[in-house]
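> this one's structure only:
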């Protein structure tokens with residue numbers, strides 16, 4: 001298999017193919033990290049400064065993988081619905097400076113562009129409703145949205161909105 005990579009200043013993504021026959025390309029890597037071909041595809045995250053990877057075991061959709069990388073590696077990817085300025089405020093909110101973050105988010109939301117208005121409103125809503133126990137609220141809201149995404153009767157436009165909201169919630173992790 002050929003290796004495919006993509007990088008930015010903050011992250012390098014590499015696809016490593018493993019062959020069981022012929023010259024058994026990359027079988028040494030598979031063995032080193034305990035990757036069995038029956039379990040493919042597998043995803044591993046090597047955090048900066050570490051040599052042991054974290055094995056990913058969540059859903060393998062693009063958004064789920066990107067939310068995981070963004071949360072675990074601390075790299076801002078900019079998923080659908082996310083706004084960098086508000087993501088920084090979400091981190092501030094979770095980090096303990098909730099009142100200042102909430103006030104700054106409300107001010108920024110009032111000045112948000114038309115494109116960011118819906119997202120800005122949702123960041124503010126999460127900060128408002130999550131004031132008591134942010135982590136518990138975010139978990140409960142994410143579970144609620146995932147349940148609605150799995151519901152076959154929900155319209156595609158609503159599912160897109162729920163996906164954007166899940167992306168925003170991951171900013172609060």
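Now that the structure is in, tell me what you want to look at. Values in this document were obtained by computation on a predicted structure and should not be read as measured data.
> quick one, strands of the chain?
For the chain, the strands defined by DSSP state E occupy 4-7, 12-15, 43-45, 54-56.
> what's the least confident stretch among the ones you listed?
Lowest mean pLDDT within the strands of the chain: strand 4-7, at a mean of 42.
> which one is the residue nearest in space to the middle of the chain nearest to, not counting chain neighbours?
Nearest to the mean C-alpha position of the chain, counting by CA atoms, centre = their mean, stands residue 67 at 1.0 Å. In this structure, residue 67 finds its nearest non-sequential neighbour in residue 170, 4.2 Å apart by CB to CB, 6 or more residues apart in numbering. C-beta: built from backbone N, CA, C; applies to glycine.
> Against residue 127, how distant is the one you found?
Separation of residue 170 from residue 127 (CB to CB, to the nearest Å): 15 Å.
> Comparing the two, which shows the higher neighbour count?
residue 127 (26 against 23; other CB atoms under 10 Å).
> Run through the residues that contact the closest residue in space to that one that isn't next to it in sequence.
Of all residues not flanking residue 127 in the chain, residue 102 sits nearest, at 4.5 Å (CB to CB, 6+ apart). Neighbouring residues of residue 102 by CB atoms under 8 Å, 6 or more residues apart in numbering: 93, 124, 127, 128, 131.
> So which of those residues sit within helices?
Members of the contacts of residue 102 lying in helices (criterion: DSSP state H): 93, 124, 127, 128.
> ChimeraX command to pick out the buried ones of those?
Filtering the ones in helices among the contacts of residue 102 down to the buried ones (16 or more other CB atoms under 10 Å) takes a single ChimeraX command:
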select :93,124,127
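> what's the closest of the ones in helices among the contacts of residue 102 to residue 86?
When the ones in helices among the contacts of residue 102 are compared for distance to residue 86 (CB to CB), residue 124 wins out at 8.6 Å.
> Distance of that closest one relative to residue 89?
Note on residue 124: its distance to residue 89, by CB to CB, is 9 Å.
> now swap in residue 113 and tell me
Distance of residue 113 to residue 89, computed by CB to CB: 16 Å.
> ok, those two, which is more surrounded?
Neighbour count, other CB under 10 Å: between residue 113 and residue 89, residue 89 has more, with 27 against 8.
> quick one, what contacts that one?
With CB under 8 Å, 6+ apart, residue 89 has these contacts: 101, 104, 105, 108, 123, 127.
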